[in-house]
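**Student:** Below: sequence and its predicted model.
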Amino acid sequence: MKKLSLTFALLGLSISLEAQPSGFNYDEAKVPEYKLPDPLTTEDGKKVTSPKIWQDIRRPEIFSLFQKHVYGRSPKPSGKIHYQVFDDSLNTGNENYRRKQVEISLSGKKNGPKMDLLLYIPNKGTGPYPIFLTLNFRGNHSISKDPEVRITRSWVPNEKGIKNNKASEATRGMRSSRWDVSQITSRGYALGTIYCGDIEPDHRNGRVDGIRAQYPEAYTWSAIGAWAWGLSRGLDYLEKDKDIDASKAIVMGHSRLGKTALWAGASDTRFAITISNNSGCGGAALSRRRFGETVKRINTSFPHWFVDQYKTYNDNEDACPVDQHQLAALVAPRPLYIASAVQDRWADPRGEFLAAKHAAPVYELLGAGTFPTKDIPPVDKPVQGAIGYHIRSGKHDVTTFDWKAYLDFADKHFN
Ligand code: GCU
C-alpha cells in the first residue's frame with residue numbers, strides 16, 4: 001500500500017492524514033445500514049441467558065461458523081513435542097534480558113517441518129515469567145539488531161537487499177522499532193516470536209510449501225488458520241520451558257498477524273490474554289461496515305488468508321452468518337485488547353472499536369467484567385476493563401505506546 005502523509009491545518013487544528021487505496025469508502029456518512037448477527041441469540045433464535053448456554057451451545061456454534069466461513073478447520077496436533085534449544089545466552093548486548101532460541105517440530109516428527117522460536121527472557125527477578133507470544137513478518141532476525149539471532153531459512157519476500165526469496169544480513173533488525181524488547185523485559189515479561197513464514201510462506205501458493213501440505217486435504221484451512229495453529233504449537237513448547245509461566249501467555253499480533261492472534265485466542269483457550277494491534281478487515285473490524293478495506297478487496301489481494309467460502313461474501317457481507325465482533329466474543333471470558341491507529345483508516349478504527357463494544361455483552365453475561373466505555377475514547381487514552389481498547393495517534397504500526405498499554409493491561413489482569 002502506497003502511503004503518503006499530508007499534514008494540513010484546519011481551523012487552527014493540525015490534522016494528519018495518510019493516503020489510503022482509492023476507490024474505497026472512508027466517509028462515515030456513507031457506511032451502509034447493517035444488522036449485526038447477535039452473539040447472544042442462537043442460530044435457532046433462542047436467547048442466550050446463562051453462561052452455561054453460552055459455553056455449551058452458542059460459543060461452539062459461533063466457533064464452527066468461523067471455521068466454515070472464514071478461517072477453516074485446523075487439524076488436531078500430533079500430541080508429540082520435539083524441540084531443541086540451540087542457543088541460550090546472556091550475551092545479548094542488553095542488560096535487561098537474555099536470549100534463547102529453540103527449534104520446534106511442527107508436526108511432532110523429529111524430521112518434519114520446524115519453526116524457530118526466539119525468546120527474550122527478563123534478567124530481573126526470578127521466573128517463571130509471563131510471556132507475549134507473537135508472530136513476525138520477516139524472520140526472527142528482523143526484530144532486533146542482535147547479531148546472534150539465526151537468520152530465517154524459510155521463504156521471505158524479495159525486497160531491499162533480498163534476492164531469490166532468501167533472507168540475509170540485509171534485513172537484520174529491519175523491524176526493530178516495532179519490538180520494544182527492553183520495555184517488555186524490564187517490566188518482567190518475556191517475549192517469544194516466531195516467523196510466520198516458518199509455518200506457511202505468505203503468498204498465494206504458500207499452502208504447497210507450508211504446514212498445510214503435511215495434512216490430508218480433508219482439512220480445509222487457511223494461511224491464517226495455519227499461522228494460528230503454529231502459535232499453539234509454540235505454546236505447547238512454552239508449557240515445557242521452566243523459564244516461562246505458560247498459564248500467563250498473551251497472544252499478540254499486528255495487522256495480518258493481529259487477525260491471526262484473534263483466531264489463535266479464539267481457537268486455543270490456553271492463551272490467557274489476546275491482543276489485536278491494527279488488525280482491520282478479517283480481524284477486529286466489522287466487515288458489514290465496508291469502511292476502508294472490504295471483504296472483496298482482501299480476498300482478491302490475499303486469497304490464501306481465508307477459506308474459499310469467504311469469497312462468497314465479496315460485495316455480499318450481509319450474507320455472512322458471522323461478523324468480527326463475534327470473533328472477539330469467542331475470547332470471552334479471557335481478557336481481550338483491540339488497538340487502532342488514527343491514520344490507519346484502511347483498517348477501519350471505528351469498526352475495530354465497535355467489535356469490542358458488541359462483544360462486551362458476552363463478557364457481561366459471563367460475569368467477566370465489562371468494556372468501560374460506550375463511545376470511542378479520546379486519542380491516546382487507553383480504556384481498560386475486561387476488554388481494552390485504544391486509538392493511538394499515528395499510522396499503521398506497533399509502537400512503544402502500544403506496548404506500554406499492553407503491559408499495563410497484562411499487569412492489571414495478572415496481578
Ligand atoms: C494489507 C492488508 C491488510 C493487512 C496488512 C498487513 O494492508 O490489506 O488487511 O492487515 O496488509 O498485514 O500489514
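**Tutor:** Here it is on my side, so go on.

**Student:** how near is R288 to C320?
**Tutor:** R288 is 8 Å from C320, where distance means CB to CB, to the nearest Å. (Each C-beta comes from the backbone N, C-alpha and C, glycine too.)

**Student:** The ligand contacts on the chain?
**Tutor:** For the chain, the residues in contact with the ligand (CB under 6 Å from any ligand atom) are M1, S255, R256, G280, C281, E293, I298, S301, W346.

**Student:** Double-check the last one against F291; I have them as touching.
**Tutor:** Put plainly, it is W346. No - using CB atoms under 8 Å as the test, W346 is too far from F291 to be in contact (9.3 Å).

**Student:** Between these two, which is the more surrounded one?
**Tutor:** Counting neighbours by other CB atoms under 10 Å for W346 and for F291 shows that F291 has the greater number, 26 against 23.

**Student:** so G79 makes contact with S107?
**Tutor:** No - with contacts defined as CB under 8 Å, G79 does not count as touching S107, sitting 11.0 Å away.

**Student:** Look at the two and report which has more neighbours.
**Tutor:** Applying other CB under 10 Å to G79 and S107 shows that S107 carries more neighbours, namely 18 against 7.

**Student:** and that one, what are its phi and psi?
**Tutor:** In this entry, S107 is assigned phi and psi values of phi -100, psi 0 (degrees, to the nearest 10).

**Student:** go on, V85?
**Tutor:** phi -80, psi 110.

**Student:** Repeat that for the one 3 residues further on.
**Tutor:** Its backbone dihedrals place D88 at phi -150, psi 110, with angles given as degrees, to the nearest 10.

**Student:** Just grab the bridge partners of it for me.
**Tutor:** Under the criterion DSSP bridges, D88 forms beta bridges with K100.

**Student:** and L235, how far is that from the ligand?
**Tutor:** Using CB to the nearest ligand atom, to the nearest Å, one gets 22 Å for the distance from L235 to the ligand.

**Student:** low pLDDT regions in the chain?
**Tutor:** In the prediction, the chain carries residues with pLDDT under 70 at positions 1-19, 218.

**Student:** Kindly recompute the last result at 90.
**Tutor:** Along the chain, the parts satisfying pLDDT under 90 run over 1-20, 78-79, 81, 107-112, 160-161, 215-220.

**Student:** Which parts of it are helices?
**Tutor:** Using DSSP state H, the helices of the chain run over 51-53, 59-66, 181-186, 196-199, 206-209, 223-238, 256-267, 295-301, 308-311, 324-330, 349-365, 400-414.

**Student:** For N158, which of those is the nearest?
**Tutor:** Proximity to N158, assessed across the helices of the chain by CB to CB, is greatest for helix 196-199 (12.9 Å).
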